[in-house]
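Trainee: Need a 3D model of the sequence below.
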Amino acid sequence: MQYMTVSKNSGELIVHELIFDVSEGKFVRPIKSVKELNKLIYNLKPGKYIKFAMLAYKPRNGVLFEIINVEINKNDEIKENVIYRDGFPFWKLWKIRKDSKAPEIFRIFIQMMPKFGKVSYVQDYKIEIEQEKLIDQMNEYIGSLKPKLPDL
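Mentor: Alright, predicted model coming up:
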């Protein structure tokens, strides 16, 4: 079945969504990218996937990041469930690309962010993840990106 995600970088606004195949341990390569529509088009089989989604808005110095379980059944019905949502400052986005403390899958997702005026290019990385631990790892890492408030 065909499934679409958004992929856009206008400089001030970055929308970046990629699909990760849990059974194969890698990001799915789209069958087609439509730059004019800011879309990546996938041909997905029934199964379980994870959608990594990010909305970054420079004027507000904010990034919203989500992890969404995507399940496609044999009738091509799609169930999506947000399992993680958090945010961090926009300027920290560039640090993540090379930060060895970042969960590997998150670092690779950020590295595949669309370049200005383009859509994402999905590279072929094999990544082992433990889905149960992923949320804890993301909580810990994104928590470290947020500004620390002074003790009162």
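
Trainee: Tell me where the chain has strands.
Mentor: For the chain, applying DSSP state E gives strands covering 2-9, 13-21, 26-27, 32-34, 39-43, 47-57, 62-72, 78-88.

Trainee: Check which residues of the biggest helix by length in the chain are buried.
Mentor: Ranked by number of residues, the top helix in the chain under DSSP state H is helix 131-145. Going by neighbour count (16 or more other CB atoms under 10 Å), the buried part of helix 131-145 is Leu134, Gln137, Met138, Tyr141, Ile142, Leu145. No exception for glycine: its C-beta is placed from N, CA and C like everyone else's.

Trainee: same question, stretch 72-86
Mentor: By neighbour count on 16+ other CB under 10 Å, the buried set for stretch 72-86 is Ile72, Tyr84, Asp86.

Trainee: CA-only coordinates of that stretch in PDB, if you can.
Mentor: Output in PDB follows, covering the C-alpha atoms of stretch 72-86 (Å, rounded to 0.1, in the frame of the first residue of the first chain):
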ATOM      1  CA  ILE A  72      -0.700  -1.900   8.600                       C
ATOM      2  CA  ASN A  73      -2.900  -4.900   8.600                       C
ATOM      3  CA  LYS A  74      -3.600  -7.300   5.700                       C
ATOM      4  CA  ASN A  75      -6.600  -5.200   4.600                       C
ATOM      5  CA  ASP A  76      -4.300  -2.200   4.200                       C
ATOM      6  CA  GLU A  77      -5.900  -0.500   7.200                       C
ATOM      7  CA  ILE A  78      -3.500   1.900   9.000                       C
ATOM      8  CA  LYS A  79      -3.400   2.400  12.800                       C
ATOM      9  CA  GLU A  80      -1.100   5.100  14.100                       C
ATOM     10  CA  ASN A  81      -0.400   5.700  17.800                       C
ATOM     11  CA  VAL A  82       1.900   8.500  19.100                       C
ATOM     12  CA  ILE A  83       4.100   6.800  21.700                       C
ATOM     13  CA  TYR A  84       6.500   9.700  22.400                       C
ATOM     14  CA  ARG A  85       6.400  13.500  22.100                       C
ATOM     15  CA  ASP A  86       8.800  16.000  23.300                       C
END
